[in-house]
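Student: Predicted model follows, preceded by the sequence.
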Amino acid sequence: MTKVTYEVVEHDGGWAYRLGQTYSETFPTHADALAAARIAAAEQQVAGKTEGIEYEDASGQWHDEVSQGDDRPQTDVSDETKPD
């Protein structure tokens with residue numbers, strides 16, 4: 001099973017969560033970003049329909065795959081920052 005970790009970080013004068021190198025919107029408070037990360041992590045675990053997906057990888061190559069609707073990752077939220 002794949003594991004996905006959302007990390008709460010300072011970003012653009014506020015707080016955000018990120019997954020890899022992708023950031024969420026910026027939130028005014030640490031608590032808001034933490035709550036949003038927890039919601040995103042919970043939603044990531046909800047099963048959906050099996051359907052085709054298309055995505056571009058880091059090298060610019062496009063891929064077509066079938067995503068199984070019940071193949072959801074395990075999620076977690078990392079919050080190692082301590083707000084002032």
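Tutor: Now that the structure is in, tell me what you want to look at.
Student: Can you tell me what sits against the worst-scoring helix or strand of the chain on mean pLDDT?
Tutor: Within the chain, confidence by mean pLDDT, DSSP states H and E is lowest for strand 51-56 among all helices and strands, at a mean of 88. Applying C-beta atoms under 8 Å, 6 or more residues apart in numbering, the contact partners of strand 51-56 are 62-67, 69. Every C-beta, even on glycine, is put in place using the N, C-alpha and C of the backbone.
Student: That one pairs with which strands?
Tutor: Strand 51-56 has the following sheet partners, assigned by DSSP bridges: strand 62-67 (antiparallel).
Student: and the strand it pairs with, what's its mean pLDDT?
Tutor: Averaging pLDDT along strand 62-67 yields 90.
Student: Determine the next helix or strand in the C-terminal direction from that strand.
Tutor: On the C-terminal side of strand 62-67, the closest following helix or strand by DSSP states H and E is strand 74-78.
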